[in-house]
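Novice: output the structure for:
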Amino acid sequence: MMHPIRRGPREPVTIGQQDAPARDLVASDQRRLHPSKRRRRPSGQPPPLPRELGASGRFWMVAIVALAAVYLVLVVTPIGNSATHEESALLRWIAVRRTGWLNRTMLVLNGLGATTFTRSLRVGTILALVAFRRWRHLVVLVVSILFVAWLTNKVGTLFIRERPFGVRIIGGWEGSSFPSRPMAELSVALMGVLYTLLPHGRLRNIGKLIVPFLLGGLAAAELYLGLNHPADIVFGLLFGIGIPLLAYRTFAPNSVFPVSYHRGRAAHLDVGGARGAAIRQAVQDQLGMTVLDAKPVGLAGSGGSTPLRLTVAGDPDFHLFAKLYAQTHLRADRSYKIVRTIRYGTLEDEKSYNSVRRLVQYEDYMMLVMHDFGIPCAKTYGFVEITPEREYLLVTEFLEGGTEITEAEVDDAIIDDALATIRRMWEVGVAHRDVKPANIMVRDGKIMLIDLAFGEIRPSPWRQAVDLANMMLVLAMRSDPDRVYQRALQFFAADEIAEAFAATRGATLPSQSRSMLRALKRDGRNLVGRFRELAPDRRKVGIQRWSVRRIAIALSVVVGLLIALLLVLDNIQTGAL
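Specialist: This is a model prediction of the structure:
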């Protein structure tokens, strides 16, 4: 990758002094590693964590394809009429063995396919997902329900099949017999409960035992009461089970979007089981390091990745830091930037990443650039591929002995070092863009910046000013705003500080800093207000930027939401939801 910044001979570095390029430092650290050999994955061999549908997913995919083939045979050949006569004969044989008490039992079981019951299941699941904010599961569920309803109605319209011939039908019915609408509706509703509300493991396994009994009960009732042919029920099951199962496995896989009720962020993935083994294998093969243990660390301050501490075999064993990125983080970044565009317009030239690979490549590159400029940050060891285009792991130095700035003693030396770092970033033309307490570590009396995923080269002056304001606020949380302001005058002009706080808004503050500042303000410490009193008067810098792109995106979102709302209301009226 070509370096985008043209510059002359490197200047002497006094901040976070480095005596060698980042990659050389990494190479020197490799001597402590347990001897290991990198391994190239041969072409055609699956990655450490393959993206698979699973045995059940493949079965239902094959079943749906076979369903389409059988459907064509029934439509274009006389076999369909012959099959109908055979099925009717079977149902007549069942009908002559009816009894009063069994009739009542089957009518009760047939209530499982009633529109009121299936609609209650679907709407209840949707409300639960809204309450728990599982938006991805919600979208997959609603789309699955609507698609199954549309497909069932379309097939029933194109291939009208009479009810079983010569059998007295007990109970109400309407429309074509093929496919069984009650079976399809109950199946898709139960699949929604199973894969969006029940966590993977014991509860879901119990659900997988209960669901067949419920579906089997409804199927037996429909056959006994003469409402549908066996083929109608089979096709309804294939629609109601196969389509949502494939949708959940493809668009909301449990490995990336697990169903969980414990407190925590959706960005934090489970690193045990198959994923944990894949991480060890990937680091071993691609970086030549033997990982003895991988544990989550610093989850409270991380919302855009899953941070890990890796214990690596060496002489002696030591720790590395790693960040696991997946598609969920990429989608969160895209959503974040779309929302910012709608709310504020284009504050700076930022574009959404088009793949997880690009996201992790960019952060790895930013760490190299920061090192090259002498900005104090962790050294990068590179990144490894867990699942192509879906999951990657960025491996860096673990700052042994470092503590978050909120837990450190902030004296004049640390204040000066932090402000000098911002000054250096201004001079070389880079920005961190996420300066908050969780991203500032203190080690041996010096600050270290971490989490450079939002970093930017050649940022706008507005973005540089915001970095300064955020750093001064973080320092003032642990000391005093008057003291921080006086130390800042050694590195910045008073007008530059005034500009920084004129550009500061709630939108420019990271969520962690924003919550901490609110708590301090309730205690009588208004840090932003005090800095504005100390700095020269400066009119607030506006952050609203209007453009054709902003208006177009906002209108597209509004129109999309209205269409979705009308579609949902229409399907509620017709019974699809």
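Novice: ok, for the most centrally placed residue in the chain, nearest residue in space, not its chain neighbours?
Specialist: With distances taken as C-alpha atoms, centre = their mean, the residue of the chain nearest its centroid is residue 328 (2.1 Å). The spatial neighbour of residue 328 that comes closest, neighbours along the chain excluded (C-beta to C-beta, 6 or more residues apart in numbering), is residue 256 at 5.6 Å. Placement of C-beta: from N, CA and C, glycine included.
Novice: returning to what we had before: residue 257 is in contact with the residue nearest to the centre of the chain, correct?
Specialist: Yes. Residue 328 lies in contact with residue 257 (C-beta atoms under 8 Å); the separation is 6.6 Å.
Novice: show me the contacts for residue 185.
Specialist: Residue 185 sits next to 113, 115, 118, 148, 149, 152, 240 when contact means C-beta atoms under 8 Å, 6 or more residues apart in numbering.
Novice: what helix or strand does it sit in?
Specialist: helix 181-196 (DSSP states H and E).
Novice: do the same with residue 392
Specialist: Residue-wise, residue 392 maps onto strand 391-397 under DSSP H and E.
Novice: what is the mean pLDDT for the following helix or strand past that strand?
Specialist: Toward the C-terminus, strand 391-397 is succeeded by strand 403-404 as the next helix or strand (DSSP H and E). What strand 403-404 shows for mean pLDDT is 88.
Novice: now for the spatially closest residue to residue 541 that is not a sequence neighbour, how many residues are close by?
Specialist: Computed as C-beta to C-beta, 6+ apart, the closest residue to residue 541 that is not its neighbour in sequence is residue 503, at 4.1 Å. Neighbour count for residue 503, taken as other C-beta atoms under 10 Å: 22.
Novice: do the same with residue 543
Specialist: 16.
Novice: in contact with it, which residues?
Specialist: Counted by C-beta under 8 Å, 6+ apart, residue 543 has contacts 344, 347, 462, 503, 505, 507, 508.
Novice: just the residues you listed now: which is nearest residue 447?
Specialist: Residue 447 has its nearest neighbour among those in residue 508, at 20.6 Å by C-beta to C-beta.
Novice: pretty sure that closest one contacts residue 470?
Specialist: Yes. Between residue 508 and residue 470 there is a contact under C-beta under 8 Å: 7.4 Å.
Novice: neighbour count winner among the two?
Specialist: Taking other C-beta under 10 Å, residue 508 and residue 470 do not tie; residue 470 has more neighbours (25 against 21).
Novice: element containing the more buried one, please.
Specialist: With DSSP H and E as criterion, residue 470 is part of helix 461-477.
Novice: can you tell me what sits against whichever helix or strand comes after that helix?
Specialist: The element immediately downstream of helix 461-477 (helix or strand, assigned by DSSP H and E) is helix 481-488. Helix 481-488 is contacted by residues 412, 415-416, 419, 468, 472, 475-476, 497, 527, 530-531, 534-535 when judged by C-beta under 8 Å, 6+ apart.
Novice: out of these, which are buried?
Specialist: 415-416, 419, 468, 472, 475-476, 497, 527, 530-531, 534-535 (16 or more other C-beta atoms under 10 Å).
Novice: let me know the closest of the residues you listed to residue 275.
Specialist: Residue 275 has its nearest neighbour among those in residue 475, at 38.1 Å by C-beta to C-beta.
Novice: measure the closest one to residue 503 for me?
Specialist: Note on residue 475: its distance to residue 503, by C-beta to C-beta, to the nearest Å, is 18 Å.
Novice: quick revisit: export the helix holding residue 470 to PDB, keeping only CA atoms.
Specialist: What follows is helix 461-477, C-alpha atoms only, in PDB (Å, rounded to 0.1, in the frame of the first residue of the first chain):
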ATOM      1  CA  PRO A 461      -9.400  21.300  11.000                       C
ATOM      2  CA  TRP A 462     -12.700  20.700  12.800                       C
ATOM      3  CA  ARG A 463     -11.800  17.100  13.600                       C
ATOM      4  CA  GLN A 464      -8.300  18.100  15.000                       C
ATOM      5  CA  ALA A 465     -10.000  20.700  17.200                       C
ATOM      6  CA  VAL A 466     -12.400  18.100  18.500                       C
ATOM      7  CA  ASP A 467      -9.500  15.800  19.400                       C
ATOM      8  CA  LEU A 468      -7.900  18.600  21.400                       C
ATOM      9  CA  ALA A 469     -11.100  19.400  23.300                       C
ATOM     10  CA  ASN A 470     -11.700  15.700  24.100                       C
ATOM     11  CA  MET A 471      -8.200  15.200  25.400                       C
ATOM     12  CA  MET A 472      -8.400  18.300  27.600                       C
ATOM     13  CA  LEU A 473     -11.700  17.100  29.000                       C
ATOM     14  CA  VAL A 474     -10.300  13.600  29.800                       C
ATOM     15  CA  LEU A 475      -7.400  15.200  31.600                       C
ATOM     16  CA  ALA A 476      -9.600  17.600  33.600                       C
ATOM     17  CA  MET A 477     -11.700  14.700  34.800                       C
END
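Novice: can you mark which positions in it are buried?
Specialist: Buried, per 16+ other C-beta under 10 Å, within helix 461-477: 462-477.
Novice: re earlier: now the buried members of the contacts of residue 185.
Specialist: Among those, those classed as buried by 16+ other C-beta under 10 Å are 113, 118, 148, 149, 152, 240.
Novice: quick check, nearest of these to residue 539?
Specialist: Comparing the buried ones among the contacts of residue 185 against residue 539 with C-beta to C-beta places residue 149 closest, at 56.8 Å.
Novice: wait, is that closest one part of a helix?
Specialist: Yes. Counting by DSSP: H, G, I helix; E, B strand; the rest coil, residue 149 is part of a helix.
Novice: and it, what's its pLDDT?
Specialist: 87.
Novice: with residue 48 instead?
Specialist: pLDDT, residue 48: 74.
Novice: how far away is it from residue 326?
Specialist: According to C-beta to C-beta, residue 48 stands 14 Å off from residue 326.
Novice: now swap in residue 477 and tell me
Specialist: From residue 477 to residue 326 the distance is 32 Å (C-beta to C-beta).
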